[in-house]
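J.: only the shape, not the letters, is given here:
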């Protein structure tokens, strides 16, 4: 059974940083990703990474966010710098059937961790 557990969310001021972690077990997927959902908005893909460490980002986070993975620890990370109020939302990690930041590619989801950026 696939289990994904996120952590690391919190409240920060504009320009601050957070690092999200997602510990995974019970899966053998090619790829993983981070998604987010703001109140009243659809869930959107933020970043994805495959087994070769090839990465893809949402345009609005390029240069500010970095997705990475530690296979020995079965952990996925999202380093978020220069945070903006529009980055506020619930952040989810997911296993992906194929590389990309589209929600249609996601198989399994974590429970989410809240990120709030205030000005």
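T.: Sure thing, it's come through. Computed from a prediction, not measured in an experiment: that's the story for all the values here.

J.: which stretches of the chain form strands?
T.: Along the chain, counting by DSSP state E, strands occupy 3-7, 10-13, 18-25, 31-37, 44-50, 55-57, 65-70, 75-80, 89-96, 106-109, 113-118.

J.: with mean pLDDT added, can I get those strands in TSV?
T.: Written out in TSV, the entries for the strands of the chain read as follows (pLDDT from 0 to 100):
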stretch	mean pLDDT
strand 3-7	96
strand 10-13	98
strand 18-25	96
strand 31-37	98
strand 44-50	98
strand 55-57	98
strand 65-70	97
strand 75-80	98
strand 89-96	97
strand 106-109	95
strand 113-118	98
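
J.: let's have those strands in a markdown table, adding mean neighbour count.
T.: C-beta: built from backbone N, CA, C; applies to glycine. Formatted as a markdown table, the entries for these read as follows, by neighbours: other CB atoms under 10 Å:
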| stretch | mean neighbour count |
| --- | --- |
| strand 3-7 | 16 |
| strand 10-13 | 13 |
| strand 18-25 | 18 |
| strand 31-37 | 23 |
| strand 44-50 | 22 |
| strand 55-57 | 18 |
| strand 65-70 | 18 |
| strand 75-80 | 22 |
| strand 89-96 | 23 |
| strand 106-109 | 17 |
| strand 113-118 | 17 |
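
J.: so who does the residue most central in space within the chain touch?
T.: In the chain, the C-alpha closest to the average C-alpha coordinate belongs to residue 34, at a distance of 2.2 Å (CA atoms, centre = their mean). Shown in contact with residue 34 (CB atoms under 8 Å, 6 or more residues apart in numbering): 20, 22, 45-48, 67, 76, 78, 91-94.

J.: next one: residue 28 from residue 44, what distance?
T.: 26 Å (CB to CB, to the nearest Å).

J.: beta partners for the residue nearest to the centre of the chain?
T.: On the basis of DSSP bridges, residue 34 is bridged to residue 47, residue 93.
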